[in-house]
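**Student:** Just need the structure, nothing else, for what follows:
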Amino acid sequence: MATSEIDNQSFPFGTVLTAMVTPFTEAGEVDYDVAAKLAIKLVDEGCDGLVVTGTTGETSTLTDDENIEMFRTVVNAVGDRVAVLAGSTTNDTRHSIRLSLRAKEAGVDGILVTAPYYNKPSQAGIIAHVKAIAEAIDLPIMMYDIPGRAGIALSTETIIELAQIPQVIALKDAKADYQSTTTVLANTDLHVYSGDDGLTLPLMAAGAAGVVSVTAHVAAAKYRTLVDAMHAGDLATARATHFELDPIQRGIMGHVQGAVAAKFGLHWQGVLPNTVVRLPLLAPSDAELDAIRADLREGGWDL
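**Tutor:** Next up, the predicted model:
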């Protein structure tokens, strides 16, 4: 089990989760062997939960069969040690149910349910979407509020109503609306996770459980330190770690899509054999790479 001072029976999804990249071969096929090794590396370094084939896992360019094999691969690699959540929902409720049922068969511990993107349903439509998925799969659910990608936000009232669904136990909050987060924490029993790496400390100060991070691919131990310190009430250690993470977060999240930068960081660390992504994602330009390297050097990397 990943080293932590937290009793994870209180947090069934864990407190430091990485939204995993999906490794590819040079030919662009999913590299399941490397995915298993990456999952083990992340858990060994402090993660007690993994989100598989979410946005950072390039789920929109994976087939259903590739998604399911990724779930199965990660469950087999680390599923007896940590919680594994499946990024198995789309903007199509029926498709989300079919894929989530297959994810359940693959052994995942829960489902990440994003607000339906592109078709922009009403708040009532979002609630009906989540209820239909919850009733069909009977697995714990983490809601994902990310209006910057989905094109629609979960209203505070919608989140509070969704929290009444027994299977909905958590929220990945990437809305950057501190007042909304505060109201949700004050009026629900949801385990709230920062979906923005840089907001982990302030959201935890309000009562969030932890973080679902992209930067944790290359800095899991630091997030473990920050999150454990916040749960222990050690603000000095948490604040110091927050500042140590700042340039690394900027490097991974500030210049190109997180999956792209994370793959370069992992490649530079010798974890991934390549940096292949699928279109429409592209490798960084030379200027973007220079900016990423500069930030990581500021964070202590020898590049």
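
**Student:** May I have stretch 95-108 exported as PDB, CA atoms only?
**Tutor:** The C-alpha atoms that make up stretch 95-108 are tabulated as PDB, following Å, rounded to 0.1, in the frame of the first residue of the first chain:
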ATOM      1  CA  HIS A  95     -22.900   4.500 -24.400                       C
ATOM      2  CA  SER A  96     -21.700   5.600 -20.900                       C
ATOM      3  CA  ILE A  97     -23.700   2.800 -19.300                       C
ATOM      4  CA  ARG A  98     -22.500   0.100 -21.800                       C
ATOM      5  CA  LEU A  99     -18.800   1.100 -21.300                       C
ATOM      6  CA  SER A 100     -19.200   1.500 -17.500                       C
ATOM      7  CA  LEU A 101     -20.800  -2.000 -17.200                       C
ATOM      8  CA  ARG A 102     -17.800  -3.400 -19.000                       C
ATOM      9  CA  ALA A 103     -15.500  -1.400 -16.800                       C
ATOM     10  CA  LYS A 104     -17.200  -3.000 -13.800                       C
ATOM     11  CA  GLU A 105     -16.600  -6.400 -15.200                       C
ATOM     12  CA  ALA A 106     -12.900  -5.500 -15.600                       C
ATOM     13  CA  GLY A 107     -12.800  -4.900 -11.800                       C
ATOM     14  CA  VAL A 108     -12.600  -1.100 -11.300                       C
END
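
**Student:** let's number from 45 now, not from 1
**Tutor:** Sure thing, new numbering starts at 45, so read that last one as stretch 139-152.

**Student:** shouldn't Val119 be in contact with Gly151?
**Tutor:** Yes: using Cβ atoms under 8 Å, Val119 is in contact with Gly151, at 4.1 Å. Bear in mind the C-beta positions are built from the backbone N, C-alpha and C, glycine included.

**Student:** what do those two both touch?
**Tutor:** Both Val119 and Gly151 are in contact with Val128, where contact means Cβ atoms under 8 Å, 6 or more residues apart in numbering.

**Student:** Could I get the contacting residues of Ala172?
**Tutor:** Ala172 is in contact with Thr137, counting by Cβ under 8 Å, 6+ apart.

**Student:** which one of Val119 and Gly151 has more residues nearby?
**Tutor:** Taking other Cβ atoms under 10 Å, Val119 and Gly151 do not tie; Val119 has more neighbours (20 against 15).

**Student:** which element follows the strand or helix carrying Tyr188 toward the C-terminus?
**Tutor:** Secondary-structure assignment from DSSP states H and E places Tyr188 in strand 185-189. Going down the chain from strand 185-189, the next helix or strand is helix 191-194, by DSSP H and E.

**Student:** Can you give the distance from that following helix to the centre of its chain?
**Tutor:** Centroid separation for helix 191-194 versus its chain: 15 Å, with Cα atoms, centre = their mean, to the nearest Å.

**Student:** Distance check, Trp254 against Gly123.
**Tutor:** For residue 254 the amino acid is Gly, not Trp. Computed as Cβ to Cβ, to the nearest Å, the Gly254 to Gly123 distance reads 19 Å.

**Student:** Hmm, I typed the wrong one, I wanted Leu129.
**Tutor:** 11 Å.

**Student:** Common neighbours of the two, please.
**Tutor:** What both Leu129 and Gly123 touch, as defined by Cβ under 8 Å, 6+ apart, is the set 152-153.

**Student:** who's more crowded, those two?
**Tutor:** When neighbours are counted by other Cβ under 10 Å, Leu129 and Gly123 differ, and Leu129 comes out ahead with 32 against 19.
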